[in-house]
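> Only the shape, not the letters, is given here:
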């Protein structure tokens, strides 16, 4: 009797084990299939992103490279119908605007970055960080409207000044956050060493903290510069664009992105070619600034790890 | 000692001016936008957001078509960008060999650095003809029973603009959600593997559910980008004041109407109406960004706490 019972329970156990085995076998196949399929799906996603970049760059080079010639860098735009011409004024205009943007954006952004990293660990700093982050997400065209109201309307003219002002304000949040995080990385011992030999805190900041984080600060400036260099929207009704040379701060000026936009939506084939060429020059400028940023990051990490 | 104290106090007082200046600038933007759009705020009130009529000649202004266009393009762009961006982020963080992952993320950074006017240029001359000749006829033929894929096929329109927007925001989704995925502690994944899960199951059940708040933050951040994106959309959406259920139809967004018509706005009310659209854009983006920041901050604080424990 006893042995009988144990036999039945044993056979039951075996049956349930077999059931489990079967379930396991059947799901294992499905799960393995899913797992393999997802590898392909996920790599396809990555390939798609690379394909987008490749498509854009390849079209850019194929369509524009023939028009990137010495004339393009030295001549003014030609009127419709005449072949050739260049964007010399727009290239110089973009440089003017970027210099102005640096003058407006760097002091404020950097000052706020230093303050946030060195002094503030209370509510005010929290509010400022939050506002700066939110400001980073404000659409560029809104900065354009702001510059129009504050600069263009009172001066009664589209101008280099207003364009540089719009771009400069856009740079502030990026510079603040990047420089803050890099200045924060300066080892606390360095600050303490300075304070221990009797230096006031402001000398410690200016003579020790800033010099040892200069690579990081430059990174922040370069990243911000790279972003505003390609901005078009805030320039539409501030710098406005100009078909001729201009060296007057109070007059409208041409800029590369503006010129690309104007030529792209025009109906003329010559201008389309010029737009592609302008795009090559603009993208090279932006990538070069980004490379500079990479260089500064590498330098800074070397300094940080060396200490 | 006291000399140090006074010089330090002066330095600090000077330095605190900069963050205050930033607060003043942001407050100033809000104030100036409200001030400059006061004529239409006063005249049309809430009707401005409900009316479909945009007639500068008759001085009738309603922003509904633009709000509609911004919402449609952003949502469709997110529908396209989120699966692809998230997939690529998971691939980069968990599947790809480190060297390849590094190489690809450099390329993704390049994609993020391309000025949007160049996306627009590419859109006009490459994407729009392709949509007109191939994609939209195909969609119309096989999915034409849906209201989204009906109507005349111009090439320019909501769908083309959404695709360009998706390409623009994908790098943002990738870089933020990759950080979030990398921040998931190794132990959690190892426990999942120890229990016999496959790699994908560990991704789905552990990594994605652990990082879902941060990933949501990255998506909302990308939405903020999509709402405010101006140039690429302006160049290929077709610039037509309309509300249509068809994605083939040319449309208009808030940012692109401001970009297109601002320098032509002759009358005071016209200008004020455009600035009011800018104000709406400002408020949209501030709300979206606040939400995203709060989500991302809550995640990073949480991970700091677990690290401390």
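Yep, that arrived. Please read these numbers as outputs of a predicted model, since none were measured by experiment.

> Near residue B:117, how many other residues are there?
Residue B:117 has 28 neighbouring residues, counting by other C-beta atoms under 10 Å in any protein chain shown. The C-beta positions use only the backbone N, C-alpha and C, and glycine is treated the same way.

> Assign a three-state SS to it, would you?
Judged by DSSP: H, G, I helix; E, B strand; the rest coil, the three-state class of residue B:117 is helix.

> residues contacting the residue in the stretch 51-200 of chain A that chain B sits nearest to?
With C-beta to the nearest C-beta as the measure, residue A:139 is the residue of the stretch 51-200 of chain A nearest to chain B, at 2.6 Å. Residue A:139 makes contact with A:233, B:227-230, B:255, B:281-282, B:285, according to C-beta atoms under 8 Å, 6 or more residues apart in numbering or on different chains.

> ok, now with 10 Å
Residues counted as contacts of residue A:139 (C-beta atoms under 10 Å, 6 or more residues apart in numbering or on different chains) are A:145, A:233-234, B:224-225, B:227-230, B:254-255, B:258, B:278, B:281-282, B:284-285.

> So is the longest helix along chain A next to chain B?
For chain A, the longest helix by residue count, based on DSSP state H, is helix A:2-64. Yes. Shown here: helix A:2-64 in contact with chain B (C-beta under 10 Å from any C-beta of the partner chain) through A:24, A:28, A:31-39, A:41-50, A:52-60, A:63-64.

> In strands, which of the contacts of residue A:139 appear?
Judged by DSSP state E, strands contain none of these.

> so residue A:140 sits right up against residue B:227, yeah?
No. Counting by C-beta atoms under 10 Å, residue A:140 sits too far from residue B:227 to count as a contact (12.0 Å).

> Could you identify the buried members of the residues of helix A:2-64 next to chain B?
Judged by neighbour count, with 16 or more other C-beta atoms under 10 Å in any protein chain shown as the criterion, the buried members of these are A:31, A:35, A:38, A:42-43, A:45-46, A:49, A:52-53, A:56-57, A:59-60, A:63-64.

> Can you say which two of these are spatially most distant?
Distances among those were taken as C-beta to C-beta; the most separated pair is A:31 and A:64, at 49.8 Å.

> residues contacting the closest residue to chain A within the stretch 51-200 of chain B?
Using C-beta to the nearest C-beta, residue B:115 is the residue of the stretch 51-200 of chain B that sits closest to chain A, at 2.4 Å. Each residue near residue B:115 by C-beta under 10 Å, 6+ apart is listed here: A:226-232, A:256-257, A:260, A:279, A:282-283, A:285-286, B:121, B:231-232.

> let's see 6 Å
Counting by C-beta atoms under 6 Å, 6 or more residues apart in numbering or on different chains, residue B:115 touches A:230, A:282.

> can you check residue A:198 too?
Per C-beta under 6 Å, 6+ apart, neighbours of residue A:198: none.

> what about residue B:69, distance to residue B:262?
Distance of residue B:69 to residue B:262, computed by C-beta to C-beta, to the nearest Å: 17 Å.

> With neighbour numbers in mind, choose between the two.
residue B:69 (30 against 21).
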